[in-house]
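[1] No letters, just coordinates:
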């Protein structure tokens, strides 16, 4: 698959190839549009490369099975869409609490409920952040091209393994079903991180050790390696056994949050285009960012100072590029997204009263066209000059 | 002095959380004895549970142990077995966990014939949440959510697993301790999916509401209703009423799932998929 020869690939296919390049060895899934191709390709590809595929009885079981396989030492992934993402949430929380590395792909479609199964949307931004109950941080990455569906899947596995946490790859139907000519990177160009092994013998090993330093995360022994340790979704101590001690409980919850916020700077940073001298910023992610990029280029061609900020890491929210934009006292920040306004909320929080933050929203599976974004840019510049 | 079975327990985690007179300690002990007598390597044996009273057992057992979400022990265990078929994977579950919220997983694991041994600590009540009726609560029994008596029909779990294609199925009770150990032993030796319906007693939340106040009353209640499987088929429907068969109910060889998948991998590597 890899090498200099161009391939015509779909976003969903690129995701599977990226996962295999990252060392995926177990996939469990359930058929659901528009993510089904990921399961289909895993069924064909994994047994060819020493991996395994299982179509589970439901979405909940798929999420459970990848947690089990990961605890047995194999890199694991599942993929789903809207309704299935809702069903997986309890066990995503289990993976967060029990610190089990795994990758969950959500190819967004129109909701709520069954919605419009074959149509694109970006309505799961907040569910990806807060879908499971309780205080938690979660890493959510969003690709905007077929090539990025490949590279970000590799990155998702690396982050999952390094931070011992589930990572959500938040795709949308547009990117999942998009076919593009891509040149996949050579294997030698990829950074693939494997799971750290405990360096302490059984008996001294603490699977949930608290080193008092968010940079240090306890390695995860695989079941069957002789460590005989306990894993539970109950709040637990450093040895993994449940605790009712309020202080120990608070410390554990704080620790699994801190380990992620501490590493914000290491997560994939936003792509920026023409931001140095921009007067109007477009803040856009995933499939919609493709239109945003064209709109910003068209604006520049028309002599308008527009710039693009495309977040790649959606959660935790990386404020840096918006803070830089804010310091330039822009005329407006335009936030196109295929929902009623989700990512616009943290954008507003960061920008505050510095300038108008304008949501550009479309529903019903309709893509946001470059011209619509260009119009919004023009209007913002006009209004900004008038005031 | 160390007791003979002590190495299988996390002694430091005792005492357990179960109520006085609960049958779950007896069933746990039967599992440990069966592991000991079967000679399973403790480092290659994983014990997985869901949520409920029964599902606290793995915390006291000295193995790799996984206490999962409600009803989902079987799919977690399925992932473990698929990832590493060399491991012996035992699932400890309860009647609410396995037959209500996790019922779908139970039937599909039986259908797939994946090499798990599932022991259901069946006390026919939700104990952890203090006595609501389960899909195994006998008709007419009282529960906190059946204050006028159980009005739904219960499952026969062994028949359910049989209907789903289960190829090793056994039943015993906390009264028949030696027999229960033997049933679990046979289940552990079976290569594919094995299911043991281990009837247990909950004097606190079932017995008190159902004129079976003492643990002894409850154990006698289990004893009096159990019929050896060898006699069961000769009984009339009237004689079977309110009773249940104990023993090995189904035992037929069938190729285990990860073995079958091994063949898939050989085929895929040789010819590539047709996707």
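    Done, it's in. Since this is a predicted model, take the numbers as computed values, not measurements.
[2] Check which helices and strands the one helix or strand residue A:63 maps to is in contact with.
    Assigned by DSSP states H and E, residue A:63 belongs to helix A:59-71. In terms of contacts (3 or more C-beta pairs under 8 Å, 6 or more residues apart in numbering or on different chains; DSSP states H and E), helix A:59-71 is packed against strand A:26-29, strand A:76-80, helix A:82-98, strand A:102-110, helix B:73-83, helix B:103-112. All C-beta spots, glycine's among them, are computed from the backbone N, C-alpha and C.
[3] tell me which element residue B:25 falls in.
    Using DSSP H and E, residue B:25 falls in helix B:24-38.
[4] So which residues make contact with that helix?
    Helix B:24-38 is contacted from outside by B:4-5, B:8-9, B:16, B:18, B:42, B:45, B:53-54, B:57, B:60-61, B:90, B:92, B:119, B:121, B:123, B:174, B:177, B:180-182, B:184-185, B:187-189, B:198, B:200, using C-beta atoms under 8 Å, 6 or more residues apart in numbering or on different chains.
[5] next one: stretch B:181-193
    Identification of contacts with stretch B:181-193 by C-beta under 8 Å, 6+ apart yields B:30-31, B:33-35, B:37-38, B:40, B:88, B:90, B:109-110, B:112-119, B:166-168, B:170-172, B:194-196, B:198, B:246-248, B:251, B:254-257, B:259.
[6] Check stretch A:184-199 too.
    Contacts of stretch A:184-199 (C-beta under 8 Å, 6+ apart): A:1-4, A:7, A:9, A:14, A:17, A:21-23, A:73, A:75, A:101, A:147, A:150-151, A:154, A:157-158, A:161-162, A:205, A:218-221, A:227.
[7] ok, back up a step: for residue B:97, which of the helices and strands packed on helix A:59-71 is the nearest?
    Nearest to residue B:97, of all those, is helix B:73-83, at 6.9 Å by C-beta to C-beta.
[8] what's downstream of the closest one, the next helix or strand?
    Next along from helix B:73-83, by DSSP H and E: strand B:88-94.
[9] in that following strand, what counts as buried?
    Using 16 or more other C-beta atoms under 10 Å in any protein chain shown as the test for burial, strand B:88-94 gives B:88-94.
[10] Save those as a markdown table, and put in pLDDT and distance to residue B:154 too.
    Shown next, in a markdown table, are the buried residues of strand B:88-94 (pLDDT from 0 to 100; distance: C-beta to C-beta, whole Å):
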| residue | pLDDT | distance to residue B:154 |
| --- | --- | --- |
| B:88 | 98 | 31 |
| B:89 | 98 | 28 |
| B:90 | 99 | 25 |
| B:91 | 98 | 21 |
| B:92 | 98 | 21 |
| B:93 | 98 | 17 |
| B:94 | 98 | 14 |
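[11] now the residues you listed as TSV including distance to residue B:219?
    Formatted as TSV, the buried residues of strand B:88-94 follow (distance: C-beta to C-beta, whole Å):
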residue	distance to residue B:219
B:88	30
B:89	30
B:90	24
B:91	25
B:92	21
B:93	22
B:94	18
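[12] quick one: which of those is nearest residue A:267?
    So of these, ranked by how close each gets to residue A:267 (C-beta to C-beta), first place is residue B:89, at 35.2 Å.
[13] Check the gap between the closest one and residue A:169 for me.
    Distance, residue B:89 to residue A:169, using C-beta to C-beta, to the nearest Å: 29 Å.
[14] just residue A:204 next, same as before
    The gap separating residue A:204 from residue A:169 is 36 Å, by C-beta to C-beta.
[15] more neighbours, those two?
    Using other C-beta atoms under 10 Å in any protein chain shown as the criterion, residue A:204 and residue A:169 rank with residue A:169 on top: 27 against 9.
[16] Can you tell me the closest non-neighbouring residue to the more buried one?
    Nearest residue to residue A:169, sequence neighbours excluded (C-beta to C-beta, 6 or more residues apart in numbering or on different chains): residue A:105, at 4.5 Å.
[17] Just want the residue of the stretch 51-200 of chain B that's nearest chain A.
    Nearest residue of the stretch 51-200 of chain B to chain A (C-beta to the nearest C-beta) works out as residue B:79 at 2.8 Å.
[18] quick revisit: which of the contacts of stretch B:181-193 count as buried?
    Counted by 16+ other C-beta under 10 Å, the contacts of stretch B:181-193 give B:30-31, B:33-35, B:40, B:88, B:90, B:109-110, B:112-119, B:166-168, B:170-172, B:194-196, B:198, B:246-248, B:256-257 as buried.
[19] Can you read off the pLDDT for residue A:198?
    pLDDT, residue A:198: 96.
[20] What is the neighbour count of residue A:372?
    Neighbour tally, residue A:372, other C-beta under 10 Å: 16.
[21] same question, the one 4 residues further on
    Each residue near residue A:376 was counted by other C-beta under 10 Å, and the total is 23.
[22] The helix holding residue B:25 vs strand B:88-94, what angle?
    Per axes from the mean of the first three to the mean of the last three C-alpha atoms, to 10 degrees, the angle that helix B:24-38 makes with strand B:88-94 is 160 degrees.
[23] Show me where the stretch 101-250 of chain B has its helices.
    Here the stretch 101-250 of chain B has its helices, by DSSP state H, counting those that start in this stretch, at B:103-112, B:157-163, B:177-189, B:215-225, B:229-232, B:237-240.
[24] So is the first one next to chain A?
    What that stands for is helix B:103-112. Yes: applying C-beta under 8 Å from any C-beta of the partner chain, one finds that helix B:103-112 is in contact with chain A at B:104-105, B:108.
[25] Quick one: mean pLDDT for that helix?
    Mean pLDDT, computed over helix B:103-112, is 98.
[26] Could you do stretch A:307-317 as well?
    Here the average pLDDT along stretch A:307-317 is 98.
[27] gap between that stretch and the chain center?
    Distance of stretch A:307-317 from the chain centroid (C-alpha atoms, centre = their mean, to the nearest Å) equals 11 Å.
[28] Between the two ends of that stretch, what distance do you get?
    19 Å (C-alpha to C-alpha, to the nearest Å).
[29] just to revisit the earlier point, okay, the helices and strands packed on helix A:59-71 in a markdown table with distance to residue A:301 next?
    Formatted as a markdown table, the helices and strands packed on helix A:59-71 follow (distance: least, C-beta to C-beta, whole Å):
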| stretch | distance to residue A:301 |
| --- | --- |
| strand A:26-29 | 44 |
| strand A:76-80 | 38 |
| helix A:82-98 | 37 |
| strand A:102-110 | 31 |
| helix B:73-83 | 52 |
| helix B:103-112 | 57 |
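[30] residues contacting residue A:155?
    Taking C-beta under 8 Å, 6+ apart, one finds A:141, A:268 in contact with residue A:155.
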